[in-house]
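1. Starting from these lines, generate the structure:
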Amino acid sequence: MALRGWLVRGFWRLDAMLGGDAEPGRSQIFTARHPVKMGVRVGAAMGALCAVLLALSPGGWGWDEVGILCAGIVLYSAFMTGMGFWERRRQRHYGFYKESGRTELGG
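-> Numbering: from 1, shown residues only. A predicted model of the protein is given here:
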């Protein structure tokens, strides 16, 4: 248990040394407030980019390749949503996330 606390304190100390305690910008504030919305938007942008690349590719794509590509986009969206929740946690740690007092459902 002491090792975990030591690692956590060390992580936050390293994060502060690397500039993690700086005031967040507008995009970071949006990401912390709306992590799911950010993940969906990034996934939609990736989907549009991949659709353009599929349309411009000379070879034909089968349903297997398209399915793998769609699964990759969904996984990337889920990853970016997790990064949004991590950004919320980081801002809450440094005291920048003002909505931390709101604990009701949907808040």
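
2. Helices of this structure, residue ranges please.
-> For the chain, the helices defined by DSSP state H cover 2-17, 26-33, 35-56, 63-94.

3. Serialize these to TSV and add fields for mean pLDDT.
-> Listed next are those as TSV, based on pLDDT from 0 to 100:
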stretch	mean pLDDT
helix 2-17	92
helix 26-33	92
helix 35-56	90
helix 63-94	91
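
4. any chance of the ones you listed in a markdown table, with mean neighbour count too?
-> Where you see a C-beta, it was placed from the backbone N, CA and C, and this is true even at glycine. Shown next, in a markdown table, are the helices of the chain (neighbours: other CB atoms under 10 Å):
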| stretch | mean neighbour count |
| --- | --- |
| helix 2-17 | 10 |
| helix 26-33 | 16 |
| helix 35-56 | 14 |
| helix 63-94 | 15 |
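
5. Show me what stretch 61-78 is in contact with.
-> With contact meaning CB atoms under 8 Å, 6 or more residues apart in numbering, stretch 61-78 is reached by 39-40, 42-43, 46-47, 50, 54.

6. Looking at those, which one is closest to Gly84?
-> Closest to Gly84 out of the contacts of stretch 61-78 is Gly39 (6.1 Å), distances taken as CB to CB.
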